[in-house]
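Novice: Coordinates only, no sequence provided:
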């Protein structure tokens with residue numbers, strides 16, 4: 001799709017004549033202008049109704065799956081508001097007004113987060129300043145703070161009127177403007193031949209890797225023997241690549257393919273969308289997602305991890321692992337995706353999280369050793385290579401990990417941080433929980449920043465177990481309070497720390513003249529600016 005900007009000229013027909021208008025070519029989640037206009041009509045048209053908004057909601061969900069984290073924030077914001085209105089109608093019929101208020105509260109908070117991110121592309125601003133810059137009524141910021149930190153919830157009528165305001169603002173700020181200025185792109189004006197060729201090469205390498213992995217899994221040691229099972233469209237390219245590589249062993253060929261993928265990534269290092277190209281090609285594999293993900297056999301699990309360890313180390317080395325993880329979660333949550341692929345995506349997403357949790361613990365162990373003796377501290381230099389050091393393997397084992405059944409990779413120069421999640425992210429995953437994402441959610445709880453308290457971890461883990469049927473017959477969570485997965489009380493506990501813990505920690509405060517040092521571990525992010533946590 002195209003939006004106005006000062007890039008290359010694109011011919012545009014209008015009532016007067018054919019002129020040359022300078023536009024910027026953007027890749028959009030919708031197929032063409034007609035599809036965008038259709039959703040615009042469903043939401044804002046004269047005949048807009050509950051049914052048409054349901055259509056718009058489903059279509060925008062597909063858009064989100066197409067572009068993942070590259071979906072425009074305004075589209076994601078519209079999706080949130082429409083989803084809140086649809087759930088409002090559902091909860092009202094069921095006599096659950098508080099649940100409707102909770103949905104609106106979450107939607108407005110995330111709406112402001114998206115809009116604030118747009119405004120803060122250049123400099124950090126307060127939420128009020130960002131709203132002022134975007135011509136958003138400051139009342140919405142007040143409402144957001146009241147929902148997050150207030151003791152009483154605004155009325156449902158206030159939420160509904162605010163929802164209408166947000167949709168109208170989105171219409172003026174984005175939808176109408178895009179509808180008026182957007183034009184379909186003529187392919188001959190898109191100069192992307194080199195990227196298209198590179199994209200195809202990466203895709204071909206992953207399909208070859210998938211075919212080779214299937215041959216190994218089915219017990220064919222030689223490439224020629226794989227013809228017995230692989231269809232011709234998969235076997236022929238594999239045979240040609242094996243001949244070019246002068247390699248007849250299928251197992252060795254998978255390692256050659258991993259190196260070829262790594263080499264291709266280095267060649268395309270200057271491409272802006274390199275990670276996206278890599279992840280999209282990864283998701284093209286079929287057997288990778290279908291094989292072994294439903295097996296609980298320990299030996300088969302060890303073989304599966306060993307087979308793909310080098311591939312994931314390559315992913316980590318080039319800094320694509322976080323984007324891959326999010327793409328896998330999106331696939332596992334996508335109700336329109338093939339069941340086997342959803343199951344496989346959930347399996348591998350969990351393995352990625354487990355790998356990061358393990359690496360995080362290893363880094364903590366290394367830090368502890370450095371404090372004792374920096375000369376004998378554990379070295380992490382071999383974490384992303386095939387020959388992982390014996391000391392590093394022993395460190396994993398000392399932490400309780402089976403090194404044969406655990407993916408082992410870590411940070412790299414291109415991605416010098418470990419995976420972490422916000423509480424908002426955890427809430428979003430809980431809201432979309434299904435049988436394929438249960439294990440992902442339980443695993444990622446250890447990577448939440450700031451960390452959840454032990455009680456919150458126990459409560460949420462218990463609820464997930466009940467949801468998945470692991471604790472049938474036990475309906476109450478640990479402690480005195482009873483929760484449900486979508487309980488507004490639980491959401492507030494996840495979003496804001498318990499204020500009563502502050503008073504308990506006052507005994508640990510230290511006073512230095514007019515200054516008082518608070519105890520460690522206080523979650524100041526939950527406190528409004530200009531207020532103290534105990535007020």
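Specialist: Cool, the structure landed. Since the structure is predicted, the reported quantities are computational estimates derived from the model, not experimental observations.

Novice: okay, CA-based contacts and neighbour counts for the rest of this
Specialist: Noted.

Novice: okay, residue 391: pLDDT?
Specialist: pLDDT for residue 391: 89.

Novice: What is the neighbour count of the residue nearest to it when sequence neighbours are not counted?
Specialist: Excluding the flanking residues, the one nearest residue 391 by CA to CA, 6 or more residues apart in numbering is residue 378, at 7.1 Å. When neighbours are defined as other CA atoms under 10 Å, residue 378 has 18 of them.

Novice: what does residue 397 give?
Specialist: 12.

Novice: What residues of the helix ranked longest in the chain count as buried?
Specialist: In the chain, assigned by DSSP state H, the helix with the most residues is helix 339-372. With burial defined by 16 or more other CA atoms under 10 Å, the residues of helix 339-372 counted as buried are 340-360, 362-363, 365-366.

Novice: Quick one: list the elements packing against that helix.
Specialist: Helix 339-372 is packed against helix 287-290, helix 321-333, helix 390-398, helix 438-444, with contacts defined by 3 or more CA pairs under 8 Å, 6 or more residues apart in numbering; DSSP states H and E.

Novice: can you redo the ones you listed as a markdown table with distance to residue 454?
Specialist: Shown next, in a markdown table, are the helices and strands packed on helix 339-372 (distance: least, CA to CA, whole Å):
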| stretch | distance to residue 454 |
| --- | --- |
| helix 287-290 | 34 |
| helix 321-333 | 25 |
| helix 390-398 | 23 |
| helix 438-444 | 14 |
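
Novice: Show me the strands in the chain, by range?
Specialist: 2-13, 18-25, 510-512, 515-517 (DSSP state E).

Novice: weakest of the ones you listed by average pLDDT?
Specialist: strand 2-13 has the lowest average pLDDT among the strands of the chain, namely a mean of 42.

Novice: returning to that earlier point: pick the most buried one from the helices and strands packed on helix 339-372.
Specialist: Among the helices and strands packed on helix 339-372, helix 321-333 has the highest mean neighbour count (mean count of other CA atoms under 10 Å), at a mean of 22.

Novice: Hey, what's the angle from that one to helix 339-372? Just curious.
Specialist: Helix 321-333 runs at 140 degrees relative to helix 339-372, counting by axes from the mean of the first three to the mean of the last three CA atoms, to 10 degrees.

Novice: For residue 447, the count of nearby residues, please.
Specialist: 21.

Novice: I figured it hits residue 420, correct?
Specialist: Yes - taking CA atoms under 8 Å as the definition, residue 447 is a contact partner of residue 420 at 4.9 Å.

Novice: quick one: residue 216 from residue 132, how far?
Specialist: 60 Å (CA to CA, to the nearest Å).

Novice: the more surrounded of the two?
Specialist: Counted by other CA under 10 Å, residue 216 and residue 132 do not tie: residue 216 has more neighbours, with 21 against 13.

Novice: my guess is the more buried one meets residue 251, correct?
Specialist: Yes - if you go by CA under 8 Å, residue 216 and residue 251 touch, sitting 6.2 Å apart.

Novice: domains for the protein, by residue range?
Specialist: 2-188, 190-344, 420-487, 497-535 (automatic domain parsing).

Novice: how about residue 415, what does it touch?
Specialist: 316-319 (CA atoms under 8 Å, 6 or more residues apart in numbering).

Novice: In helices, which of those residues appear?
Specialist: Among the contacts of residue 415, the residues falling in helices (DSSP H) are 316-317.

Novice: Which member of the contacts of residue 415 is positioned nearest residue 237?
Specialist: Proximity of the contacts of residue 415 to residue 237 (CA to CA) peaks at residue 318, which lies at 26.0 Å.

Novice: Quick check: that closest one vs residue 310, distance?
Specialist: 13 Å.

Novice: do the same with residue 205
Specialist: In terms of CA to CA, residue 205 sits 15 Å off from residue 310.

Novice: can you pull the contacts of residue 136?
Specialist: Contacts of residue 136 by CA under 8 Å, 6+ apart are residue 169.

Novice: Apply 10 Å and report the result again.
Specialist: Going by CA atoms under 10 Å, 6 or more residues apart in numbering, residue 136 touches 112, 115, 128-130, 165-166, 169, 173.

Novice: Determine which two of those residues are furthest apart.
Specialist: Largest pairwise distance in those, by CA to CA, is 18.9 Å, between 129 and 165.

Novice: Help me confirm that residue 53 comes into contact with residue 89.
Specialist: No - counting by CA atoms under 10 Å, no contact exists between residue 53 and residue 89, whose distance comes to 11.8 Å.

Novice: Looking at the two, which has the bigger crowd around it?
Specialist: Legend: neighbour count by other CA under 10 Å for residue 53 and residue 89, higher for residue 53 (22 against 14).

Novice: now the stretch 251-400 of the chain, which segments are flagged as low pLDDT?
Specialist: Applying pLDDT under 70 to the stretch 251-400 of the chain flags the ranges 292-296.

Novice: Tell me how many other residues surround residue 265.
Specialist: Counted with other CA under 10 Å, the neighbours of residue 265 add up to 21.

Novice: That should have said residue 197, apologies.
Specialist: 11.

Novice: Please apply the same query to residue 129.
Specialist: Residues near residue 129, counting by other CA under 10 Å: 16.

Novice: thinking it is in contact with residue 112, fair?
Specialist: No - applying CA under 10 Å as the test, residue 129 and residue 112 come out as separate, 11.8 Å apart.
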